[in-house]
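Novice: Provided below for reference: sequence and predicted model.
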Amino acid sequence: MIPAPALWLGLAGLIPFYAPVIWRLVAEGPDVNRAEIAFTLYAAVILSFLGGARWGREVVLSMAVPRARELTLAILPSLGAWLAAAAHLGGYKQIAWAGLILAFALVFFWDWRGAKDGTWPEWYGRLRLMLSFGAVFSATVMIVLNV
């Protein structure tokens, strides 16, 4: 069972994924761009958060000498988030959203595997499934809205 605080806070964290989608549906003029940027920036923040969770776990488990490989892998979601934000601001918003979809999927599979091998608690894999699906679906909607 997913602990209630993790479940409710995780689900609440989906609200900023869907608020810009709804805003985008009703927006006109410059507000369309504002909604899209708000979406991309929140998704980038969450990807960075997921990488930070990995970094923090490694530091706590290996207080004396954290493993360089694990710390290096932990920064990849943040770098992907930065690339997505830069792509969007550079005028390539659909590429940014496709990149976010890929990044969320990769981090999900990494966390899912970790929940299966004992790196993370078992419930974390189920929570990440729900939240990753929510993030990926919202980015997919943004792409469809811009076709």
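Specialist: Perfect, I can see it now.
Novice: excluding its backbone neighbours, what's nearest Val32?
Specialist: The shortest distance from Val32 to any residue other than its chain neighbours is 6.3 Å, reached at Arg24 (CB to CB, 6 or more residues apart in numbering). Where C-beta positions appear, they are placed from N, C-alpha and C, glycine not excepted.
Novice: My guess is that neighbour contacts Met142. True?
Specialist: Yes. Arg24 is within contact range of Met142, at 6.8 Å (criterion: CB atoms under 8 Å).
Novice: joint contacts of those two?
Specialist: Contact criterion CB atoms under 8 Å, 6 or more residues apart in numbering; residues bridging Arg24 and Met142 by contacting each: 36, 39.
Novice: So between those two, which is more surrounded?
Specialist: A count of neighbours by other CB atoms under 10 Å puts Met142 above the other of Arg24 and Met142, at 24 against 20.
Novice: residues touching the residue most central in space within the chain, list them.
Specialist: The residue lying closest to the centre of the chain (CA atoms, centre = their mean) is Leu47, at 3.7 Å. Contact analysis of Leu47 by CB under 8 Å, 6+ apart lists 77-78, 80-81, 84, 100, 103-104, 107.
Novice: What ranges does this structure have for its helices?
Specialist: Per DSSP state H, the chain carries helices over the ranges 4-12, 15-26, 30-61, 68-89, 93-117, 122-145.
Novice: Take these and lay them out in CSV including mean pLDDT.
Specialist: Compiled in CSV, those are given as follows (pLDDT from 0 to 100):
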stretch, mean pLDDT
helix 4-12, 98
helix 15-26, 98
helix 30-61, 96
helix 68-89, 97
helix 93-117, 97
helix 122-145, 98
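Novice: residue contacts, Tyr124?
Specialist: Shown in contact with Tyr124 (CB under 8 Å, 6+ apart): 6, 111, 114-115.
Novice: Same check on Val45?
Specialist: Ala81.
Novice: For the residue of the chain most remote from its centre, grab phi and psi.
Specialist: Among residues of the chain, the one most distant from the C-alpha centroid is Ala64; the distance is 29.5 Å, by CA atoms, centre = their mean. Phi and psi for Ala64, reported as degrees, to the nearest 10, are phi -70, psi -60.
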